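Colleague: A structural model of the following input is requested.
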Amino acid sequence: SAAAPDGALEPTALIWLLDTAEVIDAPILGLSLLVAVNGLGVGEALSLDVEHVASTDGLPVVRLPRRWGQRSVVPLAAATAAALPQCTAGRSEGPLLRVLDAGERLSPVEAAQRFTAVAAAVGLDRQVTPAALEQTFVSLALSAGVPISALTHALGDVDGRAEHSRHAAFAICN
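Modeller: Residues are numbered from 1 along each chain as shown. Predicted coordinates for the structure are as follows:
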């Protein structure tokens, strides 16, 4: 078993999942990386539009919409930044993660179904859910030695962060 049925994925299972998603489902690859490596919530990742992916001082970032017109800037790990162009397919606007044929925004239900298909293709003997990927981010960050204070910051308020290179996503990728 890759992990407890509802818990975090083991790193090798995550790598298998990412490798398989890269071949068969680019939006699920993007969602997996945004959640498990960059620490975005599933709802945040699914709400992103192509226009939210940007660059700040040469660093790839996503600008998450927040209340009252505010935005949080979250740095992207290199693997995530490299995978997201596959999700856009050359588009410059609209939902970042879309249903393959319809062109509409990927829903949580559709994402869960597609995770099931990718996990079956990998041969994992457990269900992979978006929530399990959120737990995977926390597990990987803690095992990489990310301080709890930085992890809390990565999972929540990132508005005031001046030094993005210390974001938990970079420790996980290393």
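Colleague: not counting its neighbours along the chain, what's nearest the residue most central in space within the chain?
Modeller: The structure's the chain has its C-alpha centroid closest to Leu34; by Cα atoms, centre = their mean the separation is 1.3 Å. In this structure, Leu34 finds its nearest non-sequential neighbour in Ala45, 4.1 Å apart by Cβ to Cβ, 6 or more residues apart in numbering. For the C-beta atoms, the positions are set from N, CA and C on the backbone; glycine is no exception.
Colleague: does the one you found lie in a helix or a strand, and which?
Modeller: Per DSSP states H and E, Ala45 falls inside helix 42-47.
Colleague: who touches the very next helix or strand once past that helix?
Modeller: For helix 42-47, the following helix or strand on the C-terminal side (DSSP H and E) is strand 53-56. Applying Cβ atoms under 8 Å, 6 or more residues apart in numbering, the contact partners of strand 53-56 are Pro60, Val61, Val62, Arg63, Val73, Pro75, Leu76, Leu84, Thr88, Leu96, His164.
Colleague: top of those residues by neighbour count?
Modeller: Greatest neighbour count in the contacts of strand 53-56, by other Cβ atoms under 10 Å, goes to Leu76: 27 neighbours.
Colleague: quick check, Cys87 in contact with Ser32.
Modeller: No - the pair Cys87 / Ser32 is not scored as a contact, 11.2 Å apart, by Cβ atoms under 8 Å.
Colleague: more neighbours: which of those two?
Modeller: The neighbour count for Cys87 versus Ser32, taken as other Cβ under 10 Å, is higher for Ser32 (28 against 23).
Colleague: in this structure, where is pLDDT below threshold?
Modeller: Per-residue confidence for the chain (pLDDT under 70) gives these ranges: 1-6, 66-70, 101-102, 152-174.
Colleague: so where do the helices sit in it?
Modeller: With DSSP state H as the criterion, the chain has helices at 11-24, 26-32, 42-47, 78-88, 108-122, 130-143, 148-155, 168-173.
Colleague: what packs against the fourth one?
Modeller: Right, the one you point to is helix 78-88. Judged by 3 or more Cβ pairs under 8 Å, 6 or more residues apart in numbering; DSSP states H and E, helix 78-88 is in contact with helix 11-24, helix 26-32, helix 168-173.
Colleague: would you turn those into CSV with distance to Val128?
Modeller: Output for these, formatted as CSV (distance: least, Cβ to Cβ, whole Å):
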stretch, distance to Val128
helix 11-24, 6
helix 26-32, 9
helix 168-173, 18
